[in-house]
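Novice: Curious how this folds, go ahead:
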Amino acid sequence: MAARIDHTTTSGTFSLDGQTFDVDNNAWVVGDDTECVVIDVPHDVEAIKELIAGRTVLAILATHAHDDHVRKAPELAAEVGAPIFLHPEDLELWRLTHPDREPERGLADRQVIGVAGTGLQVLHTPGHAPGSVCLYSADLGTVFTGDTLFAGGPGATGRSYSDFGVLVESIRDRLLTLPEVTTVHPGHGESTTIAEVLPQFDDWVARGY
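Specialist: Purely as a prediction, here's the structure:
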């Protein structure tokens with residue numbers, strides 16, 4: 001059975017720098033009928049468990065450690081018996097939400113996470129957060145970008161731990177070099193493609209989006 005992508009959207013809040021906002025987050029599950037990995041666990045464990053549908057969860061992969069992406073990760077990990085993976089440069093952010101519980105494993109640039117006969121390659125893409133990563137599957141023609149890249153522009157960089165210049169370099173060097181047919185599945189909002197992003201990117205940079 002070939003690997004497939006399942007998706008749900010959950011609603012909750014994002015809090016940082018003393019402010020809280022309502023947000024809708026995407027959560028993604030990649031796998032076949034037997035096993036899967038979960039990408040980000042925002043607000044609703046039950047909604048994600050419906051996508052898992054009894055499959056073995058090999059890993060919970062955090063694209064970064066903002067609370068709206070990892071708030072329910074420990075709860076899901078305990079329920080399905082899976083380790084949480086996070087890039088070590090985001091541990092400080094992680095501890096703002098989960099001070100008493102560390103992720104089991106780190107993510108490293110170019111590391112490949114295997115699931116259902118395919119691989120998700122880790123691309124370290126700092127800028128939105130120091131340990132932000134994207135997860136690229138050449139087999140599926142897809143990159144999961146967390147909050148690094150959206151259909152409408154780069155991720156936000158107006159808060160602590162973020163840097164617009166670093167984000168621009170990450171997108172230009174790590175994402176815009178992927179095949180143009182690659183589907184971009186972000187942490188919020190609609191999906192897009194690298195081909196759709198390319199002609200807009202320089203304008204986004206000029207405007208300091």
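Novice: which parts of stretch 133-151 are buried?
Specialist: Within stretch 133-151, the residues that count as buried by 16 or more other CB atoms under 10 Å are 133-137, 140, 142-150. To be clear about C-beta, it is placed using only N, CA and C from the backbone, and glycine gets the same treatment.
Novice: Tell me which two in the residues you listed are the farthest apart.
Specialist: Among those, the pair separated by the greatest distance (CB to CB) is Leu140 and Asp147, at 20.4 Å.
Novice: can you give me the strands for the chain?
Specialist: 4-16, 19-31, 35-39, 56-61, 84-86, 105-106, 112-115, 118-124, 133-137, 142-146, 149-150, 153-154, 183-186, 192-193 (DSSP state E).
Novice: What lies in contact with the first one?
Specialist: Read it as strand 4-16. Residues from elsewhere that reach strand 4-16 (CB atoms under 8 Å, 6 or more residues apart in numbering): 20-32, 36, 42-44, 47-48, 50-51, 66-68, 71, 96, 140, 142, 159-160, 185.
Novice: buried ones in the lengthiest helix in the chain?
Specialist: Under DSSP state H, the helix in the chain containing the largest number of residues is helix 194-206. By neighbour count with 16+ other CB under 10 Å, helix 194-206 contains the buried residues 194, 197, 201, 204-205.
Novice: how about these in TSV, adding pLDDT?
Specialist: Shown next, in TSV, are these (pLDDT from 0 to 100):
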residue	pLDDT
Ile194	98
Val197	96
Phe201	92
Trp204	89
Val205	88
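Novice: Adding distance to Thr10 as columns, could you present these in a markdown table?
Specialist: Below are the buried residues of helix 194-206 laid out as a markdown table (distance: CB to CB, whole Å):
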| residue | distance to Thr10 |
| --- | --- |
| Ile194 | 26 |
| Val197 | 25 |
| Phe201 | 29 |
| Trp204 | 27 |
| Val205 | 31 |
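Novice: out of those residues, who's nearest Gly165?
Specialist: Val205 (9.5 Å).
Novice: which ones are touching that closest one?
Specialist: Val168.
Novice: Could you do Thr193 as well?
Specialist: So Thr193 contacts 180-184 (CB under 8 Å, 6+ apart).
Novice: what residue ranges in this protein score low on pLDDT?
Specialist: In the predicted model of the chain, residues 1, 209 satisfy pLDDT under 70.
Novice: give the contact list for the closest residue to Gly131 other than its chain neighbours.
Specialist: In this structure, Gly131 finds its nearest non-sequential neighbour in Asp90, 2.8 Å apart by CB to CB, 6 or more residues apart in numbering. Residues near Asp90 by CB under 8 Å, 6+ apart: 62, 64-65, 129-132.
Novice: if I look at Asp90, how far off is Glu35?
Specialist: Per CB to CB, to the nearest Å, Asp90 is found 26 Å from Glu35.
Novice: before we move on, back to that, go through the buried residues of helix 194-206 and say which is closest to Ala3.
Specialist: Ile194 (20.2 Å).
Novice: mind listing what the closest one touches?
Specialist: 143, 175-176, 178-182, 184.
Novice: one more time with 10 Å, if that's ok
Specialist: 143, 149, 175-184, 201 (CB atoms under 10 Å, 6 or more residues apart in numbering).
Novice: now those: which count as buried?
Specialist: The neighbour count (16+ other CB under 10 Å) marks 143, 149, 175, 178, 182-184, 201 as buried among the contacts of Ile194.
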